[in-house]
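K.L.:
This is the structure alone, sequence omitted:
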């Protein structure tokens with residue numbers, strides 16, 4: 001806030017106070033503030049916000065609004081100042097505000113300290129927040145400031161002591177939280193006296209503030225580090241965190257709870273911090289601290305009180321269910337609370353996931369004495385729960401697609417139901433096959449269940465026949481989904497998906513599908529791809545051709561296989577077959593609207609001109625149709641994720657011009673001292689500054705106009721996406737390297753060139 005105040009005359013400063021605001025509305029306000037009512041009155045907006053997830057979407061929509069209004073900018077439109085409180089640093093380029101003063105700051109603090117001592121005398125000792133910062137958050141000073149809490153006793157605590165405990169707990173675990181002064185006075189039951197007088201001897205550790213004359217007065221601790229220390233001292237004196245939390249909930253949550261207070265309580269009890277490994281903690285900091293300093297049962301008790309107090313809220317029983325199955329191993333209680341969470345929010349797939357996780361973990365921890373029937377009963381409950389979650393997720397996705405229309409980004413889609421299904425199948429296979437090898441044939445559908453019932457020793461198992469028969473094919477479908485999901489995209493531009501997703505998916509495929517009997521067309525497709533792998537040395541060529549093979553009809557597969565057989569005696573049979581495949585593909589051109597995005601990608605890779613020469617086909621139409629095909633097939637699953645570039649256009653002809661992303665990454669790593677931190681390399685595009693990488697790629701001429709980038713081909717402008725949208729603010733001639741995601745062509749490494757923009761025909 002101080003930065004905004006200091007720069008208020010240089011920039012047009014604003015604060016986004018509600019991260020749940022409509023992003024489109026925020027973008028419109030930014031543009032309005034930038035122009036201040038007149039196109040000739042432009043000035044950069046400095047926007048402070050505390051939400052990382054909306055940065056890319058906000059930037060995209062601001063550009064869209066500028067383009068709609070045809071505003072030509074003469075300066076940067078907006079600087080997004082994202083300030084987020086974190087316990088760990090996840091990126092090496094983040095600016096960290098440390099608890100340490102610079103030499104100049106230390107001098108100024110010392111001078112100010114002398115001024116305050118002269119003005120306030122002994123009262124200076126009560127300026128705790130100032131003194132803490134002046135001493136670089138000295139632990140000794142913090143302990144000294146909180147010594148009044150050492151005298152707190154567990155029994156017969158006055159209401160002022162209880163209120164101080166509530167404020168300390170709240171501020172320690174939710175920095176920035178507060179209570180209203182009216183709430184505090186009502187708790188103290190003496191509204192005729194000032195809060196400061198009633199809170200002695202804790203008054204100097206508490207502040208009352210008012211944001212404006214119309215708002216209510218708010219009360220909080222002077223600083224979160226003081227609140228943390230006070231909470232620890234009270235715990236040492238026997239006033240435990242769990243007692244304080246329960247008492248707080250029982251008093252302040254009796255009737256209707258204000259929305260701001262519910263948000264603080266939800267953060268305190270359910271918000272999970274991100275660790276150094278970029279994984280979330282299992283539970284909130286408070287629940288973990290209660291577990292570590294008291295007992296697991298006390299953590300569960302606090303969550304139980306919250307679940308009962310907020311009897312419409314699904315997130316407290318959801319957290320309680322998770323705690324019951326993860327820490328207490330009480331699966332009956334976990335199931336009860338997970339079902340209660342679902343009842344409170346029956347359409348939320350993420351809430352529904354918890355019930356599946358309860359059953360999955362119970363199955364995973366089955367005793368070795370469990371019978372096949374018991375194992376299958378529990379597996380069925382888990383599978384049914386995950387299938388219901390998947391159904392809810394599909395409904396959420398359809399609703400999100402309707403709301404966002406043709407927007408490129410979507411809210412995060414939930415794939416936990418599909419993945420949970422595969423994890424259950426993995427566990428089920430291990431448990432059953434561990435008991436009897438005969439289960440291998442049954443689970444892979446190589447043997448019908450009725451033929452091995454005698455060897456399994458339980459004829460009543462046949463009632464699970466429908467479930468067991470469905471597993472192999474469903475596993476294959478879900479493994480195919482995750483194969484495309486992980487190859488075509490990742491979590492976001494800065495983070496990869498956890499390794500265990502790929503590992504568990506592969507394990508499940510190997511157990512159920514790899515050794516089962518495939519259908520005729522599956523077998524022919526797999527054999528043809530295998531022949532390509534054996535005949536072609538370039539993995540990129542194999543991958544491109546594999547996209548063609550997977551879209552072949554049975555007759556097309558037969559034609560290629562026959563042609564390969566006819567040339568089997570030739571030393572160059574592989575090349576002949578590839579030529580035949582490409583010739584067949586050329587006959588399909590132009591593609592139809594019903595064709596898969598993969599076929600459009602292959603077509604664009606093969607037919608994109610080497611220079612500014614014209615193309616045989618309408619490139620713009622092909623790109624539009626590819627995007628339309630992507631939206632129909634993949635957008636609902638990948639719309640919230642960063643799309644991997646799969647191939648780039650290099651120098652050469654035909655297949656030889658196609659360069660795999662992995663080849664570029666290997667080239668970069670071979671000649672760079674950096675590790676494979678692709679969060680930086682793809683976000684900052686360091687890869688394309690490497691001479692070896694540049695030598696492999698075709699440089700494409702283009703132009704940035706109206707916040708879009710266009711490739712110049714045959715005297716026409718072909719609009720493509722940009723990997724880094726920061727490159728699109730200024731109109732200018734450019735060059736770039738052309739990559740392809742499953743959505744279409746993308747410009748990477750956009751660089752300015754000399755010369756003027758010449759208006760050419762849009763295609």
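P.N.:
Yep, it's here. Here the structure is a predicted model, which means the values were calculated and not measured. Residues are numbered from 1 along each chain as shown.

K.L.:
Any idea how many residues pack against residue 315?
P.N.:
20 (other Cβ atoms under 10 Å). For glycine as for every other residue, the C-beta is placed from the backbone atoms N, C-alpha and C.

K.L.:
ok, now how distant is it from residue 144?
P.N.:
Distance, residue 315 to residue 144, using Cβ to Cβ, to the nearest Å: 39 Å.

K.L.:
what does residue 378 give?
P.N.:
56 Å.

K.L.:
Of the two, give the one with the bigger neighbour count.
P.N.:
For residue 378 and residue 144, the more surrounded residue by other Cβ under 10 Å is residue 378, and the numbers stand at 22 against 13.

K.L.:
I'd say the more buried one and residue 364 touch.
P.N.:
No - using Cβ atoms under 8 Å, residue 378 is not in contact with residue 364, being 9.8 Å away.

K.L.:
wait, residue 188 sits on residue 160?
P.N.:
Yes - Residue 188 is within contact range of residue 160, at 6.6 Å (criterion: Cβ under 8 Å).

K.L.:
Now do the shared contacts for those two.
P.N.:
residue 198 (Cβ atoms under 8 Å, 6 or more residues apart in numbering).

K.L.:
who's more crowded, these two?
P.N.:
Shown here are residue 188 and residue 160; by other Cβ under 10 Å, residue 160 has more neighbours (21 against 17).

K.L.:
does that one really touch residue 199, like I thought?
P.N.:
Yes - taking contacts as Cβ under 8 Å, residue 160 lies within contact range of residue 199: 5.2 Å.

K.L.:
what about the strands in the stretch 601-750 of the chain?
P.N.:
Along the stretch 601-750 of the chain, counting by DSSP state E, counting those that start in this stretch, strands occupy 642-643, 647-649, 658-660, 699-705, 708-713, 716-722, 732-741, 744-752.

K.L.:
Excluding chain neighbours, give the residue nearest to residue 701 in space.
P.N.:
Of all residues not flanking residue 701 in the chain, residue 712 sits nearest, at 4.8 Å (Cβ to Cβ, 6 or more residues apart in numbering).

K.L.:
Do you know the pLDDT at that neighbour?
P.N.:
Looking at residue 712, its pLDDT is 91.

K.L.:
And for residue 1?
P.N.:
67.

K.L.:
For the nearest residue to residue 742 once chain neighbours are set aside, which residues are in contact?
P.N.:
Computed as Cβ to Cβ, 6+ apart, the closest residue to residue 742 that is not its neighbour in sequence is residue 488, at 4.5 Å. The neighbours of residue 488, taking Cβ under 8 Å, 6+ apart as the test, are 634, 638, 643, 644, 646, 741, 742.

K.L.:
switch to 7 Å and redo it
P.N.:
Listed by Cβ atoms under 7 Å, 6 or more residues apart in numbering, the contact set of residue 488 reads 634, 638, 643, 644, 742.

K.L.:
Tell me which two of those residues sit farthest apart.
P.N.:
634 and 644 (12.2 Å; Cβ to Cβ).

K.L.:
Find the nearest non-adjacent residue to residue 207, please.
P.N.:
Per Cβ to Cβ, 6+ apart, closest to residue 207 is residue 222, 5.6 Å.

K.L.:
what separates the one you found from residue 128, distance-wise?
P.N.:
5 Å.

K.L.:
what does residue 27 give?
P.N.:
In this structure, residue 27 and residue 128 are 41 Å apart, going by Cβ to Cβ.

K.L.:
Residue 316: how many residues sit nearby?
P.N.:
The burial count assigned to residue 316 is 27, neighbours taken as other Cβ under 10 Å.

K.L.:
What's the first helix or strand after the helix or strand it falls within?
P.N.:
Assigned by DSSP states H and E, residue 316 falls within helix 315-323. Next along the chain after helix 315-323, taking DSSP H and E as the criterion, comes helix 331-344.

K.L.:
Show me what counts as buried in that following helix.
P.N.:
Buried residues in helix 331-344, defined by neighbour count with 16 or more other Cβ atoms under 10 Å: 331, 333, 334, 335, 336, 337, 338, 339, 340, 341, 342, 344.

K.L.:
With stretch 654-661 instead?
P.N.:
Buried residues in stretch 654-661 (16+ other Cβ under 10 Å): 655, 657, 658, 659, 660, 661.

K.L.:
between these, which is closest to residue 245?
P.N.:
residue 661 (49.6 Å).

K.L.:
what sits against residue 605?
P.N.:
544, 647, 649, 658, 740.

K.L.:
Can you tell me the SS state at the first one?
P.N.:
Looking back up the chat, that one is residue 544. Per DSSP: H, G, I helix; E, B strand; the rest coil, the local secondary structure of residue 544 is helix.

K.L.:
for it, what are its contacts?
P.N.:
602, 605, 655, 658.

K.L.:
do the same with the fourth one
P.N.:
The contact partners of residue 658, taken as Cβ under 7 Å, 6+ apart, are 540, 544, 605, 647, 650.

K.L.:
Make TSV out of those residues and add pLDDT.
P.N.:
TSV is the format used below for the contacts of residue 658 (pLDDT from 0 to 100):
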residue	pLDDT
540	74
544	83
605	90
647	94
650	92
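
K.L.:
Let's have those in JSON lines, adding distance to residue 666.
P.N.:
Putting the contacts of residue 658 into JSON lines (distance: Cβ to Cβ, whole Å) gives the following:
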{"residue": "540", "distance to residue 666": "12"}
{"residue": "544", "distance to residue 666": "18"}
{"residue": "605", "distance to residue 666": "20"}
{"residue": "647", "distance to residue 666": "15"}
{"residue": "650", "distance to residue 666": "14"}
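
K.L.:
Nice, that's everything, thank you.
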